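*Asks:* Next one to model:
(2 chains)
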Amino acid sequence: MEFLEALADPAIPFLRYALAAGILASLSFGIIGTYVVARRITYIAGAIAHCVLGGIGAGLYCQHKLGITWFGPLSGAIAAALLAAIIIGLVSLHANQREDTAIGALWAIGMAVGLLFIAKTPGYIEPMSYLFGNILLISKFDLWMVLVLDALVVGTATLFYHKFLAVCFDEEYARLRGVRTDLYYLLLLCLTALTVVLLVRVVGIVMVIALLTLPAAVASNFAKGLWQMMVLATLFCIGFIGSGLAISYNFDLPSGPTIIVIAGLVYLVAACVRQFRKNSRLRSAV
Amino acid sequence: MSATSTQETAVRIRDLDFAYNGTPILENVTLDIMARDSLCIVGPNGGGKTTLLKLILGLLKPNRGEIEVLGLPPEKSRLRIGYVPQYARYDPQFPVTVLDVVLMGRLDRIFCGAYAKADHEAALAALAEMGLADLAGRLFAEISGGQRQRVLIARALAAEGELLILDEPTANIDAASEEQFFKLLTTLNERLTVMLVTHDVGFASKFFKSIVCVNRQVVLHPTSELTGELIRNMYGGDIRMIRHDHRCSPEGHCTHGIS
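*Replies:* Below is the predicted model of the structure:
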């Protein structure tokens, strides 16, 4: 295989970095993606992802125009994602109605702010790589970043597994068992935000939701219980990223869209198989 | 009420008013529920049954009046209540096992990490008591409606509270399992105070010691007083009489206090 030879080639380290980042990030994607799918907050994750562009734009502007070197696109992305998570969390906890309108507005405003900042940043900046991702631009520093965020997300999510499970499954009952559900819900959204920042590098802002939710959605067809779904989602995610990278390398295709198309196809096949099995069960029951 | 002062009060409500967005739901409620009593809470839809439960659980705050549960404000006594919500509101596709659902009844006993051995034992014992021991590893989504209802009761039992509150638990079970279900509640009533909301008493009344009628106002009757004559008086004569049947009419018989 061309791809495997390229992986071993010391002259092209970026491919190894890309694969390593993908595999490491899959841990967070699998765990947080499972919560997002189970709790049905895909739309919220999408809004957070799009707000990331606002942070990236602000980071670029600060760095290039204002000369604030310590606040770059990555810090901006993390700050914007966390801010968006907290705003959306508070809206969905306290606004009784029109939650989706507020989320949709934030979604678009985040992007608009990002594009405005980028337009006013000196020098030419290509927003495409942020919007659609380029896993091949990942550096050794990014790899460390992924590792740190991974540790944070995986550590928190496993430590408070039972609390998150209860808050997602039955928030009211969790509150009656003395759990501060509002705090855990906000914490879950913040973890989602951090995971989204990880993902933006890999597949870009626009396609983040797909890679966050598709592995978990495929896993839900086979899983017995939430943590099994997390493990399976992580494995599927590694599979999608690995095969997507290989195919995009072999056929000279952009990596992000290739990964997403593979994930989407597997999801469709799994959904069809599930429906087929359900129908044949119904027929045999008659 | 003829309750003696030596008996322990499980729920004590005084002059309570509750309005939602300016619409009064409950007015001037005064109610004493004795420990080890078993009540069935009846009334028309929108009459305030669920609101009364949520006030007792401390999920809602009264606009006026006092409420005490097991001698404490509701938010403080919460952990001593086993609550069984309506199961229809669950996401039917949520990936969670039966055992994990029951373990949620012990959620207050852990801060982080895994449940202790004692929690697992309590959860399994509660499942066994509900006759569901062999379902522990199954997905909550895969089992039948009646089984899910019993899983939720097992979760409430695993919490080891003193007061068991059930919100319309019989809405999805057939008449035969309903009778069995009420017998089970009678057994649980030997150690717990039981409150059950239903919009159709049917033959339920024979399993309960008291009936609470909720329709803006709240009135408690001992079921022993529930003779045909009394029911006729309460409803004003024009009702379909079935043995052990008891319905709150929309006109609200509850305004006629019975003492």
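
*Asks:* hey, let's count contacts and neighbours off CA atoms from now on
*Replies:* Fine.

*Asks:* Would stretch A:93-102 count as contacting chain B?
*Replies:* No. Using C-alpha under 8 Å from any C-alpha of the partner chain, we find that stretch A:93-102 stays clear of chain B, coming within 12.3 Å at best.

*Asks:* For that stretch, buried residues please.
*Replies:* For stretch A:93-102, the neighbour count (16 or more other C-alpha atoms under 10 Å in any protein chain shown) marks residue A:102 as buried.

*Asks:* could I have it exported to CSV, CA atoms only?
*Replies:* Coordinates of each C-alpha in stretch A:93-102 appear next as CSV, following Å, rounded to 0.1, in the frame of the first residue of the first chain:
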residue,chain,number,x,y,z
LEU,A,93,-31.6,26.1,30.7
HIS,A,94,-33.5,29.3,31.3
ALA,A,95,-35.4,30.3,28.2
ASN,A,96,-38.6,28.3,28.0
GLN,A,97,-39.2,28.9,24.3
ARG,A,98,-37.5,29.7,21.1
GLU,A,99,-34.3,28.0,22.2
ASP,A,100,-33.6,26.9,18.6
THR,A,101,-33.9,30.5,17.3
ALA,A,102,-31.3,31.7,19.8
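
*Asks:* any idea how far it is from the chain center?
*Replies:* 23 Å (C-alpha atoms, centre = their mean, to the nearest Å).

*Asks:* ditto for stretch B:55-65
*Replies:* 16 Å.

*Asks:* what residues does the stretch 151-286 of chain A put near chain B?
*Replies:* By the rule C-alpha under 8 Å from any C-alpha, the part of the stretch 151-286 of chain A lying against chain B is A:158-163, A:166, A:169-170, A:173-174, A:176-179, A:220, A:223-226, A:229.

*Asks:* Of the residues you listed, which belong to helices?
*Replies:* A:158, A:159, A:161, A:162, A:163, A:166, A:169, A:173, A:174, A:176, A:226, A:229 (DSSP state H).

*Asks:* Reformat those as a markdown table; add pLDDT, distance to residue A:240 and neighbour count.
*Replies:* Formatted as a markdown table, those follow (pLDDT from 0 to 100; distance: C-alpha to C-alpha, whole Å; neighbours: other C-alpha atoms under 10 Å in any protein chain shown):
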| residue | pLDDT | distance to residue A:240 | neighbour count |
| --- | --- | --- | --- |
| A:158 | 88 | 23 | 16 |
| A:159 | 93 | 27 | 15 |
| A:161 | 94 | 25 | 18 |
| A:162 | 94 | 28 | 21 |
| A:163 | 94 | 30 | 26 |
| A:166 | 94 | 30 | 24 |
| A:169 | 93 | 28 | 21 |
| A:173 | 92 | 37 | 21 |
| A:174 | 93 | 35 | 23 |
| A:176 | 93 | 40 | 24 |
| A:226 | 91 | 21 | 23 |
| A:229 | 95 | 16 | 28 |
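
*Asks:* Which pair of these spans the longest distance?
*Replies:* The span of those, defined through C-alpha to C-alpha, is set by A:176 and A:229 at 26.7 Å.

*Asks:* related to what we said a few turns ago, for the ones in helices among the residues of the stretch 151-286 of chain A next to chain B, which one is nearest residue B:144?
*Replies:* residue A:169 (18.0 Å).

*Asks:* Looking at chain A, what residue ends up closest to chain B?
*Replies:* Relative to chain B, the nearest point of chain A is residue A:225 (4.4 Å; C-alpha to the nearest C-alpha).

*Asks:* Count the neighbours of that residue for me.
*Replies:* 20 (other C-alpha atoms under 10 Å in any protein chain shown).

*Asks:* Kindly list the main-chain dihedrals of it?
*Replies:* phi 100, psi 160 (degrees, to the nearest 10).

*Asks:* where does it sit relative to residue A:172, distance-wise?
*Replies:* 21 Å (C-alpha to C-alpha, to the nearest Å).

*Asks:* Then residue B:19?
*Replies:* From residue B:19 to residue A:172 the distance is 21 Å (C-alpha to C-alpha).

*Asks:* likewise residue B:82?
*Replies:* 13 Å.

*Asks:* if we look at stretch B:93-101, which residues are touching it?
*Replies:* A:38-39, A:169, A:220, A:223-226, A:229, B:123-124, B:135-141, B:151-152, B:155 (C-alpha atoms under 8 Å, 6 or more residues apart in numbering or on different chains).

*Asks:* How about the secondary structure of the residue nearest to the spatial centre of chain A?
*Replies:* For chain A, the residue nearest the mean C-alpha position is residue A:196 (3.7 Å; C-alpha atoms, centre = their mean). Classification of residue A:196 using DSSP: H, G, I helix; E, B strand; the rest coil returns helix.

*Asks:* Quick check on the contacts of stretch B:93-101: which are buried?
*Replies:* A:38-39, A:169, A:220, A:223-226, A:229, B:123-124, B:135-136, B:138-141, B:151-152, B:155.

*Asks:* Give me the phi and psi for the closest residue to residue B:198 other than its chain neighbours.
*Replies:* Nearest non-adjacent residue to residue B:198, counting by C-alpha to C-alpha, 6 or more residues apart in numbering or on different chains: residue B:168, 4.8 Å away. Per-residue torsions, residue B:168: phi 50, psi 60 (degrees, to the nearest 10).
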